[in-house]
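Novice: 3D model of this:
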Amino acid sequence: MTCNGLTAETVAELDPRTTSALQVVTLGMLGFRAMSLGVQDFAQPVQDAIHRHQSRAQTAWLIQQGREHGFTDINLDIVYGLPRQTEHSFAATLDTVVELQPDRIAMFATRISRASCRIRRSSNAPAGCSTRTSAPRYCYSRSSG
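Specialist: Below you'll find the model as predicted:
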């Protein structure tokens, strides 16, 4: 998009669980060429812990729809340090993300303090707040080995 001689990229933040084909078509027609999808993690125990269930198939479908309707910059957001996440489960998520062939991958860290665990547990949130994952070490070893 251009405004007053300046060019700006417009990015649609989409949820694979709820985005429809019509929405993707409409965004493409409006000139959107970039989309960001919040994956977080594909492991079932992690999805249970964070109350966010989304399958590889849903994510792959949305990426395919985006490509078919003119999206040339597709980003997947993943998070490490989530409750119930292990190095093995995170590695599997990374492998799945790479198989999906996004143009970019954004990795975010989660830090959960003891205070937030007490708050979460008091509101019936799942246990597992103390889980830590060392994603930077894992990513380095995967790329250098």
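Novice: what kind of secondary structure is the spatially most central residue of the chain in?
Specialist: Central residue of the chain (Cα atoms, centre = their mean): Val39, 2.4 Å from the mean position. Reducing the assignment at Val39 to three states with DSSP: H, G, I helix; E, B strand; the rest coil gives strand.
Novice: Would you confirm that it contacts Thr59?
Specialist: Yes - under the criterion of Cβ atoms under 8 Å, Val39 makes contact with Thr59 at 6.2 Å. Where C-beta positions appear, they are placed from N, C-alpha and C, glycine not excepted.
Novice: so what's in contact with those two at the same time?
Specialist: 16, 76 (Cβ atoms under 8 Å, 6 or more residues apart in numbering).
Novice: Against Tyr80, how distant is the residue nearest to the centre of the chain?
Specialist: From Val39 over to Tyr80 the distance is 12 Å, taken as Cβ to Cβ, to the nearest Å.
Novice: now swap in Thr96 and tell me
Specialist: Per Cβ to Cβ, Thr96 is found 14 Å from Tyr80.
Novice: Between those two, point out the one with more neighbours.
Specialist: Taking other Cβ atoms under 10 Å, Thr96 and Tyr80 do not tie; Tyr80 has more neighbours (22 against 18).
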